[in-house]
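[1] Predicted model follows, preceded by the sequence.
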Amino acid sequence: MKHFIVHYQEIVLKGKNRYIFVNKLIENIKYATAGLGVKQIRHKDGRLILDLSAGAGEDMISDRLSKTFGIANFVLTRRISNDVNVFKEEILHHIKDRNFKSFRVSARRGYKGYPLTSMDVDRIVGAHVKESTGAKVNLTKPELTIYVQILSGETYFYLDKIQGPGGLPAGTGGIVVCLLSGGIDSPVAAYRMMKRGCSVVFVHFHSYPYLSKASQEKVQDLTEILNQYQQPVKTYMLPFGDIQKEIVLSVPAKYRVVIYRRMMLRIAERIAGEAGALALITGDSLGQVASQTLENITTTEHAVTLPVLRPLIGMDKGEIIAQAIRIGTYDISIIPDQDCCQLFIPKNPAVRTIIREIERAEMRLDIEKLIKIALVHAN
Ligand code: ATP
Ligand code: MG
């Protein structure tokens, strides 16, 4: 029978709150691997052990674990005898099909009461493998590493470690609302907040029926990918076309972009209230476009009281793209769509707005009415 052993890293640091993080991690793993043959998850000696039923979907489980935040690394492993003289034979049996000229043994004790030290185990197993296979011991660059883990009453062996995504378990960091556009940046921003333990509620503004439904379809696909990293929370689709029309009619063209953004944040803040969220998230990166100068970021954010967090603020476009490719959102983000921001975009948006001027321009708008228009038609 096989098992996965999951190692968490950072959550060890959380002192008395540790059990909250571990319990949440267990809950998230249960959710992510539901129906794949995980019989039970046990917390033992600072690790999680997933006991598998016969015929469990090992590859699928592995894929899900690689997307579960809070996991440093994990291994697919076999349980072996607790007696070194027995398990050295078992290990030899399991590696007989592997081709290697050099190896090392790396034993670790999660249970310090074991009668041998890790080094004793390394030496005994190493000598046996060397003698039986003719391979050389190489401690620095071996072709094969044989890992042995000694826990209280259970011993395991494995050959390959799989990297986890790191971060903190989703759901331990509170709820945030992410403004998700369908572009490259905001999905990466959402991912980075999830990685820090947040549950992310998505809000998308579209211009249907003025423009096609393409942006909404993209956002659906993007949230499907992003929700592999958390237990899905609601996605809100909000009409923005009528709001843009009002803004175009009432405010000077150069201020439109900032005022669109201020309206988006205000509406998102209302949704945050409903969802119990404590912050708003955007994909802004400093200086990338006209709306992302320090001045415009300041005037935009002034429209709301909740903090607006921008996890990508100091990243280059190239770095953001590389991350989007790793997450799997890039291919969807680059599909051409009709983003609401392409509608009624002025030729020369102001890059250095000041709050007083923007507030004066907004006096011609019935802000509360515009917020209601979007909220009433949310779906
Ligand atoms: P992205 O790649 O995320 O679209 P961007 O580089 O195109 O970002 P902007 O279009 O200025 O930059 O948007 C800045 C941020 O404002 C976005 O990252 C997103 O958080 C938010 N935003 C923009 N348009 C929308 C929209 N239609 N719906 C929801 N949020 C939006
Ligand atoms: Mg965009």
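    Noted; the coordinates are in hand. All of these numbers come straight from a predicted model, not from anything done at the bench. Ligands and ions are numbered 1, 2, ... in the order given.

[2] which parts of whichever strand in the chain runs longest are buried?
    In the chain, with assignment by DSSP state E, the single longest strand is strand 71-80. Neighbour counts over strand 71-80 (16 or more other Cβ atoms under 10 Å) mark 71-77, 79-80 as buried. C-beta coordinates here come from the backbone N, C-alpha and C atoms, glycine included.

[3] and it, what does it pack onto?
    In terms of contacts (3 or more Cβ pairs under 8 Å, 6 or more residues apart in numbering; DSSP states H and E), strand 71-80 is packed against strand 2-8, helix 58-65, helix 84-94, strand 144-151, strand 154-158, strand 161-166.

[4] Can the helix or strand that residue 218 is a member of be said to contact ligand 2?
    Per DSSP states H and E, residue 218 falls inside helix 214-226. No. Against ligand 2, helix 214-226 shows no contacts by Cβ under 5 Å from the ion, the least distance being 9.6 Å.

[5] Partner strands of the next helix or strand after that helix, with direction?
    Per DSSP H and E, the first helix or strand lying C-terminal to helix 214-226 is strand 235-239. The strands that strand 235-239 pairs with in its sheet are strand 199-206 (parallel) (by DSSP bridges).

[6] quick one on the thing from earlier: could I get the helices and strands packed on strand 71-80 as TSV with mean pLDDT and mean neighbour count?
    Conversion of the helices and strands packed on strand 71-80 to TSV gives the following (pLDDT from 0 to 100; neighbours: other Cβ atoms under 10 Å):
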stretch	mean pLDDT	mean neighbour count
strand 2-8	96	21
helix 58-65	97	16
helix 84-94	96	16
strand 144-151	97	21
strand 154-158	97	21
strand 161-166	95	16
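
[7] can I get the ones you listed in TSV with distance to ligand 1?
    Below are these laid out as TSV (distance: least, Cβ to the nearest ligand atom, whole Å):
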stretch	distance to ligand 1
strand 2-8	30
helix 58-65	26
helix 84-94	48
strand 144-151	41
strand 154-158	40
strand 161-166	21
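
[8] Nearest to ligand 2 among the buried residues of strand 71-80?
    Checking those against ligand 2 by Cβ to the ion gives residue 71 as the nearest, at 31.5 Å.

[9] Does the closest one touch residue 65 like I think?
    Yes. Counting by Cβ atoms under 8 Å, residue 71 does reach residue 65; the two are 6.0 Å apart.

[10] Up against ligand 2, what does the protein have?
    Counting by Cβ under 5 Å from the ion, the chain sits next to ligand 2 at 181, 183.

[11] where does the chain have low pLDDT?
    The chain contains residues with pLDDT under 70 at 10-14, 338-344.

[12] Tell me the residue of it that sits nearest ligand 2?
    residue 183 (3.2 Å).

[13] That residue - how many residues pack around it?
    Residues contacting residue 183 under the criterion other Cβ atoms under 10 Å number 19.

[14] One more: residue 24?
    Residues near residue 24, counting by other Cβ under 10 Å, number 20.

[15] what residue of the chain is the furthest out?
    The outermost residue of the chain relative to its centre, with distances by Cα atoms, centre = their mean, is residue 131 at 45.6 Å.

[16] contacting residues around that one?
    If a contact means Cβ atoms under 8 Å, 6 or more residues apart in numbering, then residue 131 has no contacts.

[17] Just the element for it, please.
    Going by DSSP H and E, residue 131 is part of helix 118-133.

[18] And the next helix or strand past that helix?
    With DSSP H and E, the next secondary element past helix 118-133 is strand 136-137.

[19] just checking, what packs against that next one?
    strand 102-109, helix 118-133.

[20] Now do the longest one against strand 144-151, angle only.
    Between helix 118-133 and strand 144-151, the angle formed by their directions is 140 degrees, by axes from the mean of the first three to the mean of the last three Cα atoms, to 10 degrees.

[21] How about the first one?
    Between strand 102-109 and strand 144-151, the angle comes out at 10 degrees (the same axes, to 10 degrees).

[22] Other residues contacting strand 102-109?
    Under Cβ under 8 Å, 6+ apart, the answer for strand 102-109 is 117-119, 121-122, 125-126, 129, 133, 135-139, 141-150.

[23] does the spatially closest residue to residue 231 that is not a sequence neighbour count as helix, strand or coil?
    Leaving aside its sequence neighbours, residue 231 sits nearest to residue 31 (Cβ to Cβ, 6 or more residues apart in numbering; 5.5 Å). At residue 31 the chain is in helix, as set by DSSP: H, G, I helix; E, B strand; the rest coil.

[24] what's around residue 31, how many residues?
    Counted with other Cβ under 10 Å, residues neighbouring residue 31 total 15.

[25] Is stretch 239-247 positioned near ligand 1?
    No. Stretch 239-247 lies out of reach of ligand 1 by Cβ under 6 Å from any ligand atom, never closer than 6.6 Å.
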